[in-house]
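Student: pasting the structure only:
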Ligand SMILES: NC(=O)C[C@H](N)C(=O)O
């Protein structure tokens, strides 16, 4: 193949980003050697795993954007996107087919096992997933699968039957992102509505709109425009991340129960007691009212409980979407020297929202970490 032929390929299929970036080289260097030509026989192979969600849903009219049902397979979804044969080889599998609100421990572990197995065989993974709990799955995978290969989650906010459904474009972009060499070493990604975010921090910010995923504070890491993948930074993974090497075939009933309690004015302390005892919880996450703020009487109640349960961690997170809970916001009592002392088992969430704290705490407890080790892990995430 001579370099002229490469230019023809670019002109013929501008959707292919690997060829587009090659075209830039070609135009700037007409003496480019044959060694640098894209090898169409050696494209990356991307595995697409279907799990359901709105992207796989159908309504009964073009304007219906609520009350639809999951009704499409991953094969149906792939049929609806443009040809990608010049970008990557595709392989696909239906792992689940659910609204993501139905994803519990068993389903999460099934998906985890599948990704863990497939990441060894493929150059990248794309997961179609409901947006409601996508950030939880992304966080779990980021914390359990150590790889430089791209794992990209995508979904949609409009069902496949809606006018201007966002699913096909999001799936198309996710596959191109997974096949792009610059996507390596960036951890688990979430790609929706042209934005690329890190699954570790990204969160669903709007219950209805297409532009729902926000990488609050930590920012998006890239953008997808006119079939080009743009990253703003070199590859990096979240600071202080701890990988949990889980054993195969975990029994979901052995997965620790960690409730989240949402704080509000007039919060009833009995809720804490009822949840902890009623669920045989192994820890608790509080969505506090501000940067760790709970009423004094609630903190006292928790302190009393923690005195008799030294191995019971309580994470102080926040109901506000942005910002963080620093160590300095933890409730403190006063020791004999009148110096403030933090409650031993109270742990600051840093930047993690309650649902991500819950997963991290479950992983820590399942792995047998002590409260002081768990504290270090949470602290390490924000550079403390
Ligand atoms: N947009 C969506 O995907 C929402 C849907 N309820 C889900 O999470 O499965």
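Tutor: Looks like it came in fine. Just so we're clear, the structure is a prediction, and the values are computed from it rather than from any experiment. Residues are numbered from 1 along each chain as shown.
Student: Which residue does this structure have closest to the ligand?
Tutor: residue 130 (2.0 Å; CB to the nearest ligand atom). In this view, the C-beta of every residue, glycine as well, is placed from N, C-alpha and C.
Student: Next up, the contacts around residue 221.
Tutor: If you count contacts by CB atoms under 8 Å, 6 or more residues apart in numbering, residue 221 has them with 186, 189, 196, 197, 198, 215, 231, 232, 233.
Student: how many neighbours does the third one have?
Tutor: So the one you mean is residue 196. Around residue 196 there are 27 other residues, counting by other CB atoms under 10 Å.
Student: Ramachandran angles for it?
Tutor: Dihedral angles of residue 196 (phi, psi; degrees, to the nearest 10) stand at phi -120, psi 120.
Student: my read: it touches residue 222, true?
Tutor: Yes - Residue 196 is within contact range of residue 222, at 3.7 Å (criterion: CB atoms under 8 Å).
Student: Am I right that the residue of the chain closest to the ligand is in a strand?
Tutor: No - applying DSSP: H, G, I helix; E, B strand; the rest coil, one finds residue 130 to be coil, outside a strand.
Student: Next, work out how far apart it and residue 122 are.
Tutor: With the distance defined as CB to CB, to the nearest Å, residue 130 ends up 23 Å from residue 122.
Student: Surely residue 114 is in a helix?
Tutor: Yes - Residue 114 sits within a helix when classified using three-state DSSP.
Student: what separates it from residue 130, distance-wise?
Tutor: In terms of CB to CB, residue 114 sits 17 Å off from residue 130.
Student: out of residue 130 and residue 122, which sits in the busier spot?
Tutor: Using other CB under 10 Å, the more surrounded residue of residue 130 and residue 122 is residue 130, with 25 against 22.
Student: and that one, what are its phi and psi?
Tutor: phi -60, psi 150.
Student: how close does the most centrally placed residue in the chain get to residue 203?
Tutor: Most central in the chain under CA atoms, centre = their mean is residue 138, positioned 2.4 Å from the mean C-alpha point. Using CB to CB, residue 138 is found at 10 Å from residue 203.
Student: cool, residue 321 as well?
Tutor: Computed with CB to CB, the distance linking residue 321 and residue 203 is 6 Å.
Student: Which one's more surrounded, these two?
Tutor: residue 203 (23 against 12).
Student: Return the distance of that one relative to residue 62.
Tutor: Relative to residue 62, and taking CB to CB, residue 203 is found at 29 Å.
Student: Do a quick rundown of the helices in the stretch 151-300 of the chain.
Tutor: All helices of the stretch 151-300 of the chain, identified by DSSP state H, counting those that start in this stretch, fall at 167-179, 270-279, 296-307.
Student: Let me know which of the ones you listed is tucked in deepest.
Tutor: Among those, helix 167-179 has the highest mean neighbour count (mean count of other CB atoms under 10 Å), at a mean of 24.
Student: Overlap of the contact sets of residue 321 and residue 203?
Tutor: Joint contacts of residue 321 and residue 203 (CB under 8 Å, 6+ apart) are 214, 216, 353.
Student: so residue 185 sits right up against residue 146, yeah?
Tutor: No - using CB under 8 Å, residue 185 is not in contact with residue 146, being 11.4 Å away.
Student: Could you list the residues of this structure in contact with the ligand?
Tutor: Where the chain comes near the ligand, counting by CB under 6 Å from any ligand atom, the residues are 53, 54, 99, 100, 101, 130, 131, 132, 155, 157.
Student: Relative to residue 308, which of those is nearest.
Tutor: residue 101 (35.6 Å; CB to CB).
Student: Wasn't that closest one part of a helix?
Tutor: Yes - judged by three-state DSSP, residue 101 forms part of a helix.
Student: how many other residues sit next to the closest residue to it other than its chain neighbours?
Tutor: Closest residue in space to residue 101, ignoring its immediate chain neighbours: residue 132 at 5.4 Å, by CB to CB, 6 or more residues apart in numbering. Neighbour count of residue 132, defined by other CB under 10 Å: 18.
Student: I figured residue 132 was touching residue 203, is that so?
Tutor: No - using CB under 8 Å, residue 132 is not in contact with residue 203, being 11.4 Å away.
Student: just how off-centre is the longest strand seen in the chain within its chain?
Tutor: Assignment by DSSP state E gives strand 89-98 as the longest strand of the chain. Relative to its chain's centre, strand 89-98 lies at 18 Å (CA atoms, centre = their mean, to the nearest Å).
Student: neighbouring strands for that strand, and are they parallel or not?
Tutor: Strand 89-98 pairs in its sheet with strand 45-52 (parallel), by DSSP bridges.
Student: which residues sit against the strand it pairs with?
Tutor: Contacts of strand 45-52 (CB under 8 Å, 6+ apart): 56, 70, 73-74, 77-78, 88-100, 103, 107, 111, 114-115, 118, 121-130, 171, 175, 178-179.
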